[in-house]
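K.L.:
structural data only, the sequence is not supplied:
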């Protein structure tokens, strides 16, 4: 999880917006092209009856996968950032250790265990995987929100206070903008991990890009596994490069570190 | 006008400020001097209610500060701190315009005021308005800090070691500019510093603090002439005190009309300090200087005897506190 705070070096020769375009294009090619790449995957599984996963269209699986991750991300961002803000206010500081521990606890639970526990309560389908992703993705967001808000120079907060800004004004105009790059890094970590973790949903009947992987494992067909993994990896790279772009945009507005 | 009467502040068992009384008349410059941890910054922050005092009264313009809404109170008091506390994600113009925007001034009024202040503080608008704090030197950043504090034209200005982090040359330059600014704007200033020379140079009223108490207060000259405590004496430079006092008096206040003898070779402008006159006497091996006006025309003379005699008179006439 060390990448949450790392500042990625800007590559001088390639503009940053090129990467999401590149990975996005490859993702599109993968989704559209896999069904007709029979000969390519035949090379992986020469003896299988069928080498292209065809129980669902890849674009449908991709859309379901993305919506599961997106719903979990929206909920975790809202809950995580609000919790982080609440416990860094004077009235909420008593809950700081509790919230920090709860968030860590969420990540120590393996998502598979969360699924196993959630299915009896929530039934099969998409809901248990969203719950698992939320628990799993909460820690990076809470932790980075706390780090970002704590990282705002106390002189700056004091000056804001002394100039006659209200606590709400200080939060919205000073603390959150200054903490935004760090919070964003947490969201990025959370979402990238969850894109991979969401594949587990296939084990509890949530149809997504994990389906080809699970089907491949069950039937001993490596070609299916490769197809699912490839699309998931390309999706993760696309989303991650988009975050990189956003991160750079935020940093470059006021920090000298991005200029170097 | 700021009035503190028997004000105390405790943090837990520790008494940070202990029964201090202080009066700063409107338009006067008051410096709080002392070593670190003497309670001078705490005293300053009690005035704009960043810290609430436990005992005593703090009166601002005839009204106890508890009667003001803290947020509104702070918007009418300028505040400058050592490390500027500028918002790194805002450019210079936006930083300076903070309080006018909080007070809901119109955009045009705010812009005009920001431009006026930038010119006043020697920051050309075209060059600096769109720079970010990390692009400024320490001196420029503190000018922006002062401009931000003055933006809504507050009557009261609180400054907490504003020049403490600057190099000596920049510090002296900003001190000179602040003195000029104050001569023009006549704000009621409370200025915290540990640098006695800075305080002597700028203040109308000097307050020496130690361990939360006021050890002595008065005009810089009164303290130099009669420190009532070895601590104050050492802060004022001990043996150097005589020279510091001479630095605060002008040649024109000590000169006499031209004597019957030939004018002395060495010439000194009337506006210079007596300290500079003494230095010139030492340099030129002379106990007599010709005082000239700004057009280099002799207007009087200054003798060593006279300087020493006047210093004696000053000392004799100072009332004991």
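P.N.:
Looks like it arrived, so ask away. This structure is a prediction, so every number in the text was calculated from the model and none was measured.

K.L.:
ok, how many other residues are close to the closest residue to chain A within the stretch 1-150 of chain B?
P.N.:
With distances taken as C-beta to the nearest C-beta, the stretch 1-150 of chain B approaches chain A most closely at residue B:85, which sits 2.7 Å away. (Each C-beta comes from the backbone N, C-alpha and C, glycine too.) For residue B:85, the number of neighbouring residues by other C-beta atoms under 10 Å in any protein chain shown comes to 25.

K.L.:
how about the spatially most central residue of chain A, nearest residue that isn't a chain neighbour?
P.N.:
If you average the C-alpha coordinates of chain A and look for the closest C-alpha using C-alpha atoms, centre = their mean, you land on residue A:191, 0.4 Å from that point. Among residues not flanking residue A:191 along the chain, residue A:73 sits closest, at 5.1 Å (C-beta to C-beta, 6 or more residues apart in numbering or on different chains).

K.L.:
can you pull up the bridge partners for residue B:81?
P.N.:
Taking DSSP bridges as the rule, residue B:81 bridges to residue B:160.

K.L.:
on that earlier part again, which helix or strand contains the residue nearest to the centre of chain A?
P.N.:
With the criterion set as DSSP states H and E, the secondary-structure element containing residue A:191 is helix A:176-197.

K.L.:
same thing with residue A:218?
P.N.:
Assigned by DSSP H and E, residue A:218 belongs to helix A:210-219.

K.L.:
that helix to helix A:176-197, inter-axis angle?
P.N.:
Here helix A:210-219 points in a direction 30 degrees away from that of helix A:176-197 (axes from the mean of the first three to the mean of the last three C-alpha atoms, to 10 degrees).

K.L.:
next one: helix A:210-219 to chain centre, how far?
P.N.:
Taking C-alpha atoms, centre = their mean, to the nearest Å, the mean C-alpha location of helix A:210-219 is offset from the chain mean by 23 Å.

K.L.:
check which residues of it are buried.
P.N.:
Buried residues in helix A:210-219, defined by neighbour count with 16 or more other C-beta atoms under 10 Å in any protein chain shown: A:210-216.

K.L.:
also stretch A:127-134?
P.N.:
A:127-134.

K.L.:
out of those, flag the one nearest to residue B:61.
P.N.:
residue A:134 (54.9 Å; C-beta to C-beta).

K.L.:
pretty sure that closest one contacts residue A:78?
P.N.:
No. Judged on C-beta atoms under 8 Å, residue A:134 makes no contact with residue A:78 at a distance of 10.5 Å.

K.L.:
tell me, how many neighbours does residue 22 end up with?
P.N.:
Went with chain A since none was named. As a burial measure, residue A:22 scores 14 neighbours (other C-beta under 10 Å).

K.L.:
my bad, chain B
P.N.:
Residue B:22 is flanked by 20 other residues according to other C-beta under 10 Å.

K.L.:
could you find the closest non-adjacent residue to it?
P.N.:
Sequence neighbours aside, residue B:4 is the residue nearest to residue B:22 in space, at 4.3 Å (criterion: C-beta to C-beta, 6+ apart).

K.L.:
need the next SSE after the helix or strand hosting the one you found, C-terminal direction.
P.N.:
Remark: residue B:4 resides in strand B:2-11, with elements defined by DSSP H and E. The C-terminal neighbour of strand B:2-11 among helices and strands, as given by DSSP H and E, is strand B:14-24.

K.L.:
tell me which other helices or strands the next helix or strand after that following strand touches.
P.N.:
Using DSSP H and E, the helix or strand that follows strand B:14-24 in sequence is strand B:29-33. Contact analysis of strand B:29-33 by 3 or more C-beta pairs under 8 Å, 6 or more residues apart in numbering or on different chains; DSSP states H and E lists helix B:40-47, strand B:188-193, helix B:196-202, strand B:205-210 as its packing neighbours.

K.L.:
out of those, deepest packed?
P.N.:
Taking mean count of other C-beta atoms under 10 Å in any protein chain shown as the contact definition, the stretch among these with the greatest mean neighbour count is strand B:188-193, which reaches a mean of 25.

K.L.:
any idea of the mean pLDDT in that strand?
P.N.:
Taken as a whole, strand B:188-193 has a mean pLDDT of 94.

K.L.:
each with direction, which strands does it pair with?
P.N.:
Here the strand partners of strand B:188-193, with direction, are listed using DSSP bridges: strand B:29-33 (parallel), strand B:156-160 (parallel).

K.L.:
show me the contact partners of whichever helix or strand comes after the last one.
P.N.:
Yep, that's strand B:156-160 we're talking about. Per DSSP H and E, strand B:156-160 leads on to helix B:168-185 as the next helix or strand towards the C-terminus. Taking contacts as C-beta atoms under 8 Å, 6 or more residues apart in numbering or on different chains, the residues outside helix B:168-185 that touch it are B:29, B:120-122, B:137-139, B:142-143, B:146, B:150, B:162-163, B:166, B:189, B:198, B:201-202.

K.L.:
10 Å instead, please
P.N.:
By C-beta atoms under 10 Å, 6 or more residues apart in numbering or on different chains, the list of residues contacting helix B:168-185 from outside reads B:27-29, B:80, B:120-122, B:137-140, B:142-143, B:146, B:150, B:153, B:155, B:157, B:159, B:162-167, B:187, B:189, B:191, B:193, B:195, B:197-198, B:201-202, B:204.

K.L.:
show me the contacts for residue 232.
P.N.:
As the question left the chain open, I've gone with chain A. In this structure, residue A:232 makes contact with A:27, A:61-62, A:65, A:195-196, A:198-199, A:208-210, A:212-213, judged by C-beta under 10 Å, 6+ apart.

K.L.:
not quite, I wanted chain B
P.N.:
Taking C-beta under 10 Å, 6+ apart as the test, what residue B:232 contacts is B:33, B:196, B:206, B:208, B:210, B:215-217, B:223-224, B:226, B:241.

K.L.:
and for residue B:26, the neighbour number?
P.N.:
Neighbours of residue B:26 under the rule other C-beta under 10 Å: 12.

K.L.:
relative to residue B:120, how far out is it?
P.N.:
Applying C-beta to C-beta, to the nearest Å, the value for residue B:26 to residue B:120 is 21 Å.

K.L.:
chain neighbours aside, what residue packs nearest to the residue in chain A that chain B sits nearest to?
P.N.:
Distances from chain A to chain B, computed as C-beta to the nearest C-beta, single out residue A:159 as the nearest residue at 2.7 Å. Excluding its sequence neighbours, the residue lying closest to residue A:159 (C-beta to C-beta, 6+ apart) is residue B:85, at 2.7 Å.
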